[in-house]
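In: Dropping a prediction and its sequence here:
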Amino acid sequence: MDVQSTRVIRARRAELAAPRFSRLALASAVSLYVIVVTGAVVRLTASGLGCESWPGCEAGAFFPASDVHAFVEFGNRAVGLAPILLTLVTWLAARRVGGLPRWSRRLALATFLGTIAQAPLGLLTIRLDLHPLLVMSHFLLALAVLAGGIVVALEAFRHSHGAAPPLVPRELRRAGLVLAASCLALVVTGTTTTAAGPHSGGADIRRLGSLDGSLWVHVRATAAFGCVFLFVLGYLAARRDRSPRLFALVLGLLGLLLVQMAVGEIQWRTELPRGIVAVHVGLAAAVWAAVVALVALLWRPLAALAPDS
């Protein structure tokens, strides 16, 4: 056996199996969603300043003593280790998967860097007494890396389980990008509404603007998002024979949106109880994740979405 053949064999042995990588990327994306939810719990329970120091919680002690807010804040930090480790391993593993597009490896790296950046950003947020703009940045960065994790996971499944050519025309794929942009506007305005409301992080935490003004903008962002979504839904409904499974996915997103709207109405009529707001934030992150997944599948569909699969 010549030297060249030996190198090829060693390179193949060093490669990571694509199905294993897809499971790892999925676990990473799930962890990124979980940390969004636990971070929202920290804010809604006014526990953002529960720990006095970092990375330990108490002065002179690593773990919290007995304060509930300290346990909530420290618990979120402990949970945050999972996405950091998983995004790191996902990026390292992506480098060992043969045939994976280079852009997806770079996106895996960006997702890891964005996740690790949450640590110093969180520390700065605490040092500045939960300034609303920093709290918003903390949350929006979490949503950005969640989007990156979802796209990497879908690309991993596409590489592992087969790809299909685009199933919809280019104009609908472009409409998907508009849908993602309008969803981002929806999430940002929802974040500003939270920052202006009673759950901005604590009784003494500075609010950002007025609740009525922020809500006025959020309602109109919701309407804009709804119009774009109805266009995409109608387009896929009229051509559902091309990809009935893709149409089923967008129907699932419709159901999620209806639940989110119902929860939003309930929380407003019941004067924003903490538990309902937590559900609303968790659903908002789920809607964002679903929209990102839908747009990614419009541009780079899985083989399972093809009508003859």
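Out: It's in. Residues are numbered from 1 along each chain as shown.
In: Stretch 126-138: which residues count as buried?
Out: Neighbour-count burial for stretch 126-138 flags Ile126, Leu130, His131, Pro132, Leu134, Val135, Met136, Ser137, His138 (criterion: 16 or more other C-beta atoms under 10 Å). The way it works is simple: take the backbone N, C-alpha and C, and place the C-beta from them, glycine included.
In: which SS class is the last one?
Out: Using DSSP: H, G, I helix; E, B strand; the rest coil, the three-state assignment for His138 comes out as helix.
In: please renumber so the chain begins at 31
Out: Fine by me, first position is 31 from now on; the one you just mentioned is His168.
In: mind checking pLDDT for it?
Out: Note on His168: pLDDT of 86.
In: again, but for the third one
Out: In this prediction, His161 carries a pLDDT score of 78.
In: surely it meets Ser167?
Out: No: using C-beta atoms under 8 Å, His161 makes no contact with Ser167, being 9.3 Å away.
In: what comes up buried for whichever strand or helix holds Val165?
Out: Mapping Val165 onto the secondary structure by DSSP states H and E places it in helix 162-191. For helix 162-191, burial by neighbour count (16+ other C-beta under 10 Å) applies to 162, 164-169, 171-190.
In: list the helices and strands it packs on?
Out: helix 48-74, helix 98-124, helix 132-146, helix 148-157, helix 200-226, helix 304-329 (3 or more C-beta pairs under 8 Å, 6 or more residues apart in numbering; DSSP states H and E).
In: can you put the ones you listed in CSV and add mean pLDDT and distance to Asp271?
Out: Shown next, in CSV, are these (pLDDT from 0 to 100; distance: least, C-beta to C-beta, whole Å):
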stretch, mean pLDDT, distance to Asp271
helix 48-74, 90, 29
helix 98-124, 88, 36
helix 132-146, 96, 31
helix 148-157, 84, 44
helix 200-226, 90, 15
helix 304-329, 91, 17
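In: Let me know which of these is the nearest to Pro274.
Out: helix 304-329 (13.6 Å; C-beta to C-beta).
In: for the closest one, packing partners?
Out: Right, helix 304-329 is packed against helix 48-74, helix 162-191, helix 200-226, helix 274-299 by 3+ C-beta pairs under 8 Å, 6+ apart.
In: Of all those helices, which one is nearest Thr252?
Out: Closest to Thr252 of the helices and strands packed on helix 304-329, according to C-beta to C-beta: helix 200-226, at 5.9 Å.
In: Tell me what angle that closest one forms with helix 304-329.
Out: For helix 200-226 against helix 304-329, the angle by axes from the mean of the first three to the mean of the last three C-alpha atoms, to 10 degrees is 160 degrees.
In: which of the residues in helix 200-226 are buried?
Out: 202, 205-206, 209-210, 212-226.
In: next one: stretch 302-322
Out: Using 16+ other C-beta under 10 Å as the test for burial, stretch 302-322 gives 302, 306-322.
In: outside of it, which residues touch it?
Out: Contacts of stretch 302-322 with the rest of the structure, by C-beta atoms under 8 Å, 6 or more residues apart in numbering, involve 59, 63, 66-67, 70-71, 74-75, 173, 176-177, 180-181, 209-210, 213-214, 217, 220, 224, 227-229, 282-283, 286-287, 289-290, 293-294, 296-297, 300.
In: Pull out the CA atoms of it and give them to me as PDB.
Out: Taking Å, rounded to 0.1, in the frame of the first residue of the first chain, the C-alpha atoms of stretch 302-322 are listed here in PDB:
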ATOM      1  CA  LEU A 302     -49.500  40.200  32.600                       C
ATOM      2  CA  PRO A 303     -49.200  37.400  35.200                       C
ATOM      3  CA  ARG A 304     -45.700  36.100  35.400                       C
ATOM      4  CA  GLY A 305     -46.500  32.500  34.500                       C
ATOM      5  CA  ILE A 306     -48.500  33.400  31.400                       C
ATOM      6  CA  VAL A 307     -45.800  35.800  30.300                       C
ATOM      7  CA  ALA A 308     -43.200  32.900  30.600                       C
ATOM      8  CA  VAL A 309     -45.400  30.800  28.300                       C
ATOM      9  CA  HIS A 310     -45.700  33.600  25.900                       C
ATOM     10  CA  VAL A 311     -41.900  34.100  25.700                       C
ATOM     11  CA  GLY A 312     -41.300  30.300  25.300                       C
ATOM     12  CA  LEU A 313     -43.800  30.300  22.500                       C
ATOM     13  CA  ALA A 314     -42.200  33.300  20.900                       C
ATOM     14  CA  ALA A 315     -38.900  31.500  20.800                       C
ATOM     15  CA  ALA A 316     -40.600  28.500  19.300                       C
ATOM     16  CA  VAL A 317     -42.300  30.600  16.600                       C
ATOM     17  CA  TRP A 318     -38.900  32.200  15.800                       C
ATOM     18  CA  ALA A 319     -37.300  28.800  15.600                       C
ATOM     19  CA  ALA A 320     -40.100  27.400  13.400                       C
ATOM     20  CA  VAL A 321     -39.900  30.400  11.000                       C
ATOM     21  CA  VAL A 322     -36.200  30.000  10.600                       C
END
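In: Right, I'll leave it there.
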